[in-house]
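# Here is the input, now give the coordinates:
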Amino acid sequence: MALSTFFAEPFYSLADFDRLFDEAFNARTSAVSPRQQGDNSVSRPMRPRMDLHEDQEKNLVTATFELPGLSKENVQIDVRDNILTVSGESTISSERDEKGYSVRERRYGKFSRSLPIPQGIKPEEIKASMENGVLTVTFPRTTPEQAPKKITIS
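So this is what the prediction gives:
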């Protein structure tokens with residue numbers, strides 16, 4: 001997206017503005033050409049959107065990831081060194097060839113999102129479910145050992 005096009009069209013969203021900066025930054029720092037497919041589409045890294053909600057009353061954190069078109073078999077969730085990583089791969093349909101596309105905005109390829117989890121959370125305390133392309137991961141906000149304890153003054 002050219003900068004002149006961005007400012008000429010009044011109905012671009014903030015996501016388009018973010019994409020403009022991502023494309024500019026990636027073009028300057030990437031050693032790989034942004035035109036990897038050989039046509040005039042620009043390759044952008046796939047980064048699923050995420051909502052993160054903390055419920056202090058229930059001591060629960062809920063991370064919700066948008067993964068449209070993916071099934072749970074295409075998604076992996078790993079925990080290592082108190083980092084929860086959601087990764088996977090979205091593939092392009094092989095039934096359509098590259099010719100004939102005027103616009104191709106759907107992203108495909110490998111993706112990964114990571115977020116820190118509290119110290120002491122056990123993997124069995126992390127729950128995940130996926131429905132209609134939305135992955136929901138829940139885990140405790142703190143462990144009972146980390147909860148504040150009242151100390152009486154004698």
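# what are the ranges of the helices in this protein?
3-8, 14-29 (DSSP state H).
# between these, which gets the lowest average pLDDT?
Between those, the lowest average pLDDT goes to helix 3-8, which shows a mean of 48.
# What's the local residue count around the residue nearest to residue 142 when sequence neighbours are not counted?
Nearest non-adjacent residue to residue 142, counting by Cβ to Cβ, 6 or more residues apart in numbering: residue 118, 5.5 Å away. C-beta coordinates here come from the backbone N, C-alpha and C atoms, glycine included. The tally of other residues near residue 118 (other Cβ atoms under 10 Å) stands at 13.
# Verify the contact between residue 118 and residue 126 for me.
No - under the criterion of Cβ atoms under 8 Å, residue 118 is not in contact with residue 126, lying 11.1 Å apart.
# just checking, residue 109 touches residue 87?
No - using Cβ under 8 Å, residue 109 is not in contact with residue 87; the gap is 11.5 Å.
# Show me how this protein divides into domains.
Following automatic domain parsing, one gets these domains for the chain: 1-44, 45-144.
# Pick out the shakiest of those, pLDDT-wise.
Of all the domains of the chain, mean pLDDT reaches its minimum on domain 1-44 (a mean of 54).
# Now the closest residue to residue 143 other than its chain neighbours, what are its backbone angles?
What sits nearest to residue 143 in space, not counting adjacent residues and going by Cβ to Cβ, 6+ apart, is residue 120, at 4.1 Å. Main-chain dihedrals, residue 120, degrees, to the nearest 10: phi 90, psi 0.
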